[in-house]
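> Can you look at this prediction? I've put the sequence above it.
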Amino acid sequence: MSLTQTLQVFEAFDSHYASGQTVVDLLAPFADLGVTVDVTEIGWPKGTTDFVKIAIPGESGKRQGGTAKTLGIVGRLGGIGARPSRIGLVSDADGAIAAVAAALKLAQMRRNGDPLPGDVFLTTHICPTAPTRPHDPVDFMDSPIDTEDVNAHEVWDEMDAVLSLDTTKGNRIINHSGYAISPTVKDGYILRVSEDLIRIMEMTSGKPAVTFPVTTQDITPYGNGVHHLNSIMQPSIATSAPVVCVAITTQSVVPGCGTGASHETDIALSVKFAVEVAKEFGRGTCSFFDEKDYARLIELYGSLAHLKVRHPNK
C-alpha cells in the first residue's frame, strides 16, 4: 500500500513554506541506506523553484557496477501552489506528491529488507508560488521556469525508461476518476500501449486498464504554437529512452490551479502502480516497448526525432 506515504507527502507539501528542503527532511531517515536527495534552486523572471533529484540504489544497480535496468520516475507539474492568487495545494501538485511518495515507499521497502534490483531515480520540482496561465477548456498552472530547463533537470542518460506522472484533469479527453496510462513514446514515435504495463495496472487496481490517446502535437516541445493536452509528454522530447505517462484524472474538468481538487486515494493508486513497475522493470519482467517493432519502424520510415525540436526547420 502507498496511501500512508501519499498522505505524509501531501501534508508536508500543503504549506507556503514547502521547498526542496521539505523533501530532504522526508527522506533524511534513509540516508544511511544510500538514498540521496539533491536540490537545486533555479531562478527565472517568473520566480524560482527547487528541483529535486532522488536516487534509490538497487542491489544490482548500474551505479553499483550491476546490470539491472534503471527506471526514472518524473513528477511533472508547473507548481504545487499558486500563491498569492490561490491558498493551499493546487491540483497540479499531484505529480510531485506522487513522485516523492513513491520515493518514500521505495526507501521504506529498502529499510524493511526489500531493495529493488535496479536503481530508481525520481525527479520533480517544488514551487508553492507558481504563476497560472489561460488554457482551453480551463486555466492551467504555469511554471516559473522555461520548459526546456525543466526537461534538462528531469531526465538524464542513466534512465533506461521513464514514467511521467502528472495531473491531467483540465480536458474533455479523459473522463475517468483515478489514473490512466499513455502509449509508449520513443524518439518521436507513438508506439503501442505496453502489454506489461496494462497487466501491472490491472493487477494493482483490480479493474480494467484505462489508457488515453496521445497526438503528435502532444509529443512536440511546448512553445511551438500548437495545442498540447498538457505538459505530461514533455519528458519524451528530452530523452531517447521510452516514456510512458501516468495521468492522474477525474471525470469532470478541473483546472490545474484549482485548490481542494486533489484526491489522495487516486494519487496513491498511481504511486502503487509506479512502485510495481519499478520492481518489475529492474528485474527484467516489464518492457515498455517491442524492440523488434521499433527497429522495423526505423527501417521502414526512418527517425522521427526531429519532432523533439521546437523549430526543426529554423
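Yep, that arrived. As the structure is a prediction and not an experimental result, all values here were calculated from the model. Numbering: from 1, shown residues only.
> Number of residues surrounding Gly65?
7 (other C-beta atoms under 10 Å). For every residue, glycine as well, the C-beta is placed using N, CA and C.
> which ones are touching it?
Contacts were defined as C-beta atoms under 8 Å, 6 or more residues apart in numbering; by that measure Gly65 touches no other residue.
> can you tell me how far it sits from Asp119?
Taken as C-beta to C-beta, to the nearest Å, the spacing of Gly65 relative to Asp119 amounts to 11 Å.
> same check, this time on Thr265
29 Å.
> higher neighbour count, the two?
Taking Thr265 and Asp119 together and counting by other C-beta under 10 Å, Asp119 has the greater number of neighbours (27 against 11).
> So that one versus Gly282, what's the distance?
Computed as C-beta to C-beta, the Asp119 to Gly282 distance reads 8 Å.
> Which residues are in contact with each of these two?
Contact criterion C-beta under 8 Å, 6+ apart; residues bridging Asp119 and Gly282 by contacting each: Gly58, Gly61, Ala68, Thr70, Leu71.
> Sketch out the low-pLDDT regions of the protein for me.
311-314 (pLDDT under 70).
> which residues in it form strands?
Ranges of strands in the chain, per DSSP state E, are 36-44, 47-56, 71-75, 120-126, 132-133, 140-141, 161-167, 178-181, 185-186, 189-190, 243-249.
> The ones you listed into TSV, with extra columns for mean neighbour count and distance to Val9?
Below are the strands of the chain laid out as TSV (neighbours: other C-beta atoms under 10 Å; distance: least, C-beta to C-beta, whole Å):
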stretch	mean neighbour count	distance to Val9
strand 36-44	15	13
strand 47-56	22	12
strand 71-75	29	10
strand 120-126	27	10
strand 132-133	16	23
strand 140-141	24	18
strand 161-167	28	13
strand 178-181	22	16
strand 185-186	24	27
strand 189-190	20	31
strand 243-249	27	14
